[in-house]
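Colleague: Below are the sequence and a predicted model; questions follow.
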Amino acid sequence: MAGNAAERFDAPGQFNIHEAKTQLSRIIERVERGEEIVISRAGHPVAKVVPLVRRVNRTSYGSLRGRLTLSPDWDSDETNEQIARDFGMLP
C-alpha cells in the first residue's frame, strides 16, 4: 500500500498487517465511530474489524414495550392447540 501510515490514516478503511499493528489504537477509534476496517496481507483482504452490536438489557420489566405486537387471539384455544401440535404434543 502506497504512502506512509499518517497519509493512510485518512484513507478508506483498509490497512496492511504492519499498518494495522502500528495503528491499532486509531483503527479501534474509527471502528468505535462505526467504520468497518479491512486488514490485508499482500494486497488480499484477510480480516475485517467491525463495531460490536451492543446487546440491550431486556431483563427489566417493560424493556420490550412497543417492540412486540400480539394478535387478539394469541391465547385462544385454537392458537394453543396449534402450538401444541407444532411442538409434537398432539397427534
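Modeller: Right, received. Where do you want to start?

Colleague: How about residues contacting the helix or strand containing residue 82?
Modeller: Using DSSP states H and E, residue 82 sits within helix 77-86. With contact meaning CB atoms under 8 Å, 6 or more residues apart in numbering, helix 77-86 is reached by 73, 90. C-betas here are computed from N, CA, C, even on glycine.

Colleague: in that helix, what counts as buried?
Modeller: Applying a neighbour-count criterion of 16 or more other CB atoms under 10 Å, one finds nothing buried in helix 77-86.

Colleague: Mean confidence (pLDDT) on that helix, please.
Modeller: For helix 77-86, mean pLDDT is 92.

Colleague: Alpha carbons only: can I get it in CSV?
Modeller: Output of helix 77-86 as CSV, limited to C-alpha atoms (Å, rounded to 0.1, in the frame of the first residue of the first chain):
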residue,chain,number,x,y,z
ASP,A,77,-57.9,-22.4,22.3
GLU,A,78,-57.1,-22.7,18.6
THR,A,79,-53.8,-21.0,18.9
ASN,A,80,-52.8,-23.1,21.9
GLU,A,81,-53.8,-26.2,20.1
GLN,A,82,-51.7,-25.2,17.0
ILE,A,83,-48.7,-24.5,19.2
ALA,A,84,-49.1,-27.9,21.0
ARG,A,85,-49.3,-29.6,17.6
ASP,A,86,-46.2,-27.7,16.3
